[in-house]
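# Give me coordinates for this.
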Amino acid sequence: MEESLRSAAFGDGVPPPSPFAVPASPRGRLLAAIGLGARGRYAAAATVLSGLRTDKDPVLASLAASTLASHRRQLGGHAAALVLDGEALALVIGESQGEPDPDGLDAEGARADAFLGLAADNLGRGRLAAARRLAARAGAHTGNWRSRTRAGWVGAEIELASNIFEAAIAPAEMALESARARGACRHVVKSQLVLAVAIANGSSAERERAKRLVADARETAEKYEFNSLLWVTCLVAADLGAGHADEYRFRSAELLHAVLRHADACGRWLARESPWVPG
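Numbers count the residues shown, from 1 in each chain. Below is the predicted model:
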């Protein structure tokens with residue numbers, strides 16, 4: 001079952017026969033929580049991750065904390081995520097690497113997740129200089145495809161927030177290349193969105209490419225029910241001036257409402273208070 005959960009989290013996106021069944025092993029529970037979060041099942045994911053944060057394995061506990069942080073951040077809770085990412089880093093800052101994991105579920109991957117999470121948290125709070133420093137520190141720990149992909153997202157987002165759109169393209173392209181090489185369906189979707197935003201202000205050809213990237217991302221996210229990304233994909237499609245922009249915004253609102261119905265009380269409160277999440 002762990003292999004099917006890993007594939008759903010980091011591979012072809014196809015959920016296992018019982019997609020919300022949580023296995024007994026700690027690593028299996030982490031993979032299940034990642035899959036639940038991808039589909040916007042934040043309350044169920046938070047329940048699993050909260051238990052894993054106290055696991056005796058500091059690497060697993062760190063990965064659980066940073067995963068929960070990413071879910072909080074996806075609902076606009078950057079301050080709440082900052083605390084969790086700090087916890088994640090403290091757990092593994094001095095841990096030896098141990099057995100490497102192909103998807104970065106190891107000490108180096110956990111350190112990368114924590115540093116990149118802290119960078120994204122600071123970015124969301126408008127602290128661009130701190131975000132750049134933390135993203136640079138993550139660079140020493142990005143030896144696996146997943147960390148490289150996430151580093152590309154954060155690097156591109158920092159440049160976009162700095163209004164340096166051309167500088168955002170290279171890290172966004174790198175993220176998409178890394179995700180495609182792994183065949184990581186969900187990471188490809190997120191990478192397509194980041195790249196689309198990076199190139200949308202370029203030439204007419206680049207803008208058309210951005211629209212194609214978003215259309216492909218939306219189709220894939222719809223197919224695999226990546227609801228944590230699907231509502232954002234619809235918003236980006238509307239902002240790119242695609243046909244039926246109002247319909248895309250309405251669909252995004254519907255999807256966000258459905259996601260919030262499956263969020264825990266903390267997640268709903270963070271979304272309600274966040275300037276990043278549509279009211």
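# tally of neighbours for Asp216?
The tally of other residues near Asp216 (other C-beta atoms under 10 Å) stands at 15. Glycine gets a C-beta too; all of them are placed from N, C-alpha and C.
# all helices for the stretch 151-279 of the chain, in order.
Remark: helices assigned in the stretch 151-279 of the chain by DSSP state H, counting those that start in this stretch are 165-182, 185-199, 204-224, 227-239, 245-261, 265-273.
# Deepest in the core, which of the ones you listed is it.
Among those, helix 185-199 has the highest mean neighbour count (mean count of other C-beta atoms under 10 Å), at a mean of 25.
# where does the stretch 151-279 of the chain have low pLDDT?
In the predicted model of the stretch 151-279 of the chain, residues 242-243 satisfy pLDDT under 70.
# Leu60 - nearest residue in space that isn't next to it in sequence?
Pro26 (5.4 Å; C-beta to C-beta, 6 or more residues apart in numbering).
# correct me, but that neighbour touches Gly51?
No. Counting by C-beta atoms under 8 Å, Pro26 does not reach Gly51; the two are 9.1 Å apart.
# more neighbours, those two?
Taking other C-beta under 10 Å, Pro26 and Gly51 do not tie; Pro26 has more neighbours (18 against 14).
# Just list the residues touching Trp231, thanks.
Going by C-beta atoms under 8 Å, 6 or more residues apart in numbering, Trp231 touches 251-253, 255-256, 259.
# typo on my end, it should be Ala119
Contacts for Ala119 (C-beta under 8 Å, 6+ apart) come out as 130-132, 134-135, 138, 154, 158.
# Repeat that for Met174.
Applying C-beta under 8 Å, 6+ apart, we find Met174 in contact with 148, 152.
# how does it look with 6 Å?
Neighbour list for Met174: Gly152 [criterion: C-beta atoms under 6 Å, 6 or more residues apart in numbering].
# Arg41 - nearest residue in space that isn't next to it in sequence?
Using C-beta to C-beta, 6+ apart, the nearest residue to Arg41 is His262, at 5.0 Å.
# Then Ser228?
Excluding the flanking residues, the one nearest Ser228 by C-beta to C-beta, 6+ apart is Gly40, at 4.8 Å.
# Show the contacting residues for the nearest residue to Glu273 once chain neighbours are set aside.
Spatially, and ignoring its direct neighbours in sequence, Glu273 is nearest to Gly76 (7.6 Å; C-beta to C-beta, 6+ apart). By C-beta under 6 Å, 6+ apart, the contact list for Gly76 reads 270-271, 274, 276-277.
# could I get the contacts of Trp231 as JSON lines with distance to Gly104?
Listed next are those as JSON lines, based on distance: C-beta to C-beta, whole Å:
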{"residue": "Arg251", "distance to Gly104": "33"}
{"residue": "Ser252", "distance to Gly104": "30"}
{"residue": "Ala253", "distance to Gly104": "34"}
{"residue": "Leu255", "distance to Gly104": "28"}
{"residue": "Leu256", "distance to Gly104": "29"}
{"residue": "Val259", "distance to Gly104": "26"}
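# returning to that earlier point: of the contacts of Gly76, which is the nearest to Ala198?
Trp276 (18.3 Å; C-beta to C-beta).
# Next up, phi/psi of the closest one, please.
When read as degrees, to the nearest 10, the backbone of Trp276 gives phi -90, psi -20.
# Of all residues in the protein, which one is nearest the centre?
The centroid of the chain falls nearest to Ser70 when counting by C-alpha atoms, centre = their mean (6.2 Å).
# Would you mind listing the residues in contact with the residue nearest to Arg41?
Applying C-beta under 6 Å, 6+ apart to His262 gives the contacts 40-41, 43.
# In strands, which of the residues you listed fall?
Applying DSSP state E to the contacts of His262, no entry is found in strands.
# most neighbours, which of those residues?
Highest neighbour count within those, by other C-beta under 10 Å: Gly40, with 26 neighbours.
# Surely that one is in contact with Asn227?
Yes. Between Gly40 and Asn227 there is a contact under C-beta atoms under 6 Å: 3.5 Å.
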